[in-house]
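In: This is a predicted model, with the sequence first.
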Amino acid sequence: PELINQIAAGEVIERPSSVVKELVENSLDAGASRIEVDIEAGGARLIRVRDDGGGIHVDELPLAVASHATSKIGSFDDLERVASMGFRGEALASVSSVSRFALTSRARDQDAFRIEVDGGKLQGARPAQHPPGTSVEVRDLFYNVPARRKFMRAERTEFAHIDDLLKSLALARGTVEFRLSHNGKPVRIWKAARDEQAALHRVAEVLGEEFPAHSLRIDYAMAGLHLSGWVGLPTASRAQADSQYFYVNGRLVRDRIVAHAVRQAYADVLFHGRHAAFVLYLELDPAGVDVNVHPAKQEVRFREQRLVHDFLFRTLHEALAQTRA
Ligand code: ADP
Ligand code: MG
């Protein structure tokens, strides 16, 4: 199973930021309101994610790192309407097979316990000190897979990937507090945003102060589809094109249909929208979208592509058109 897990890891765990993604998504699934990410040496030496979520009962700790063990999907039917970020039950098994791994957790009304996994070998649960919630420590990523370790880039580069990833997660969940540190130095502190004003403030912090001043608020629902967020007006700044975030049911998505609808709406009204920043949230019935397309989970497939496309196009078109009036 160790080799199988290492192979599975190759698919999902490409670099330190992929580990951070899986761990933070688990924290979000656990209902955390505060998530702390500590990184050392760009993640090559240490990735630690701490949360104040629901925690894991001691009996389930070994299951958490077992392959194909997930607590989030009860039946094949559930797979049709995934609401959680994770659902494959492979992430911790994969990560723990290619690192020196520790999981410490305290479930509600329970004591805290810790398990360690070294290159796939599990060491049983021992009592530990921990506030309610979970900490995962991943040390020496890929230490036992030299071919992978070789592919890690400079500390700065790997950390930049982690920072980018955390930005996208911080925008996805405005009501959660995020902290990020590198080599012991605090790099980001994003406090929980409780109202729309605060949410916009977080967007400004993450995207740069320029954004809100030149943006339009979007909030429109029709036929079971709800689009909200902010669209920036096109600028000459190329950097804005890097600030395009589209979420489907809280999940960052790069999708052809979406990209086309957004581009068309800008092009139609303002001639060029390539350098526009936007942060948009589409909510729809989970049954209307398949997130099970690829392990990296950035792709989705809409059941009714045409409907989604036209809804996005019309909503954005109308909003942008007002800026010319
Ligand atoms: P998945 O997220 O696809 O279920 P993972 O391998 O990422 O699979 O996690 C396995 C299981 O471990 C989860 O289903 C969950 O029950 C538990 N788990 C992992 N991380 C956390 C966390 N931070 N808080 C609570 N439970 C967690
Ligand atoms: Mg997961």
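Out: Done, it's in. Ligands and ions are numbered 1, 2, ... in the order given.
In: can you list the weak-confidence ranges in the stretch 1-150 of the chain?
Out: 1-11, 68-88 (pLDDT under 70).
In: Going along the chain, name the helices of it.
Out: For the stretch 1-150 of the chain, applying DSSP state H, counting those that start in this stretch gives helices covering 2-12, 16-29, 61-64, 76-79, 91-97, 146-149.
In: Let me know the distance separating residue 193 from residue 33.
Out: According to C-beta to C-beta, to the nearest Å, residue 193 stands 12 Å off from residue 33. All C-beta spots, glycine's among them, are computed from the backbone N, C-alpha and C.
In: before we move on, what about residue 156?
Out: According to C-beta to C-beta, residue 156 and residue 33 sit 31 Å apart.
In: Ok, residue 252 next?
Out: For residue 252, the distance to residue 33 - C-beta to C-beta - is 20 Å.
In: Same question for residue 119.
Out: Remark: distance between residue 119 and residue 33 (C-beta to C-beta) = 34 Å.
In: Residue 121: how many residues sit nearby?
Out: Neighbour count for residue 121, taken as other C-beta atoms under 10 Å: 10.
In: more crowded one of residue 193 and residue 33?
Out: Between residue 193 and residue 33, residue 193 has the larger neighbour count (other C-beta under 10 Å), namely 20 against 14.
In: Need phi/psi at the more buried one.
Out: phi -100, psi 120 (degrees, to the nearest 10).
In: And it, what's its pLDDT?
Out: What the model reports as pLDDT for residue 193 is 90.
In: hang on, it packs against residue 204?
Out: No. With contacts counted by C-beta atoms under 8 Å, residue 193 stays clear of residue 204, the gap being 10.8 Å.
In: Got the domain ranges for the protein?
Out: Taking automatic domain parsing as the domain assignment, the ranges for the chain are 2-190, 210-322.
In: shaky segments in the stretch 151-300 of the chain?
Out: Within the stretch 151-300 of the chain, the stretches with pLDDT under 70 are 209-210, 212, 235-241, 271-275, 292-297.
In: now the strands for it?
Out: Secondary structure of the stretch 151-300 of the chain, counting by DSSP state E, counting those that start in this stretch: strands at 177-182, 185-190, 215-222, 225-232, 244-248, 251-252, 278-283, 289-290.
In: Just give me the neighbour total for residue 181.
Out: Residue 181 has 16 neighbouring residues, counting by other C-beta under 10 Å.
In: Leaving out sequence neighbours, find the closest residue to it.
Out: Computed as C-beta to C-beta, 6 or more residues apart in numbering, the closest residue to residue 181 that is not its neighbour in sequence is residue 38, at 5.0 Å.
In: tell me the contacts of the one you found?
Out: Contacts for residue 38 (C-beta atoms under 8 Å, 6 or more residues apart in numbering) come out as 46-50, 181.
In: Sitting in strands, which of the residues you listed do you find?
Out: 46-50, 181 (DSSP state E).
In: Now rank these by neighbours and give me the top one.
Out: If you count neighbours using other C-beta under 10 Å, the busiest of those is residue 47, which has 26 neighbours.
In: Check the gap between the closest residue to that residue other than its chain neighbours and ligand 2 for me.
Out: Excluding the flanking residues, the one nearest residue 47 by C-beta to C-beta, 6+ apart is residue 138, at 4.3 Å. Computed with C-beta to the ion, to the nearest Å, the distance linking residue 138 and ligand 2 is 13 Å.
In: Contacts only, for residue 138.
Out: Counting by C-beta under 8 Å, 6+ apart, residue 138 has contacts 19, 23, 43, 46-48, 95, 99-101.
In: follow-up on the earlier one: just put the domains of the chain in JSON lines and tack on distance to residue 200.
Out: What follows is the domains of the chain, written out as JSON lines (distance: least, C-beta to C-beta, whole Å):
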{"stretch": "domain 2-190", "distance to residue 200": "9"}
{"stretch": "domain 210-322", "distance to residue 200": "5"}
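In: Of those domains, which is nearest residue 198?
Out: Nearest to residue 198, of all those, is domain 2-190, at 7.4 Å by C-beta to C-beta.
In: Test my guess that residue 159 contacts residue 44.
Out: No. Using C-beta under 8 Å, residue 159 is not in contact with residue 44, being 9.9 Å away.
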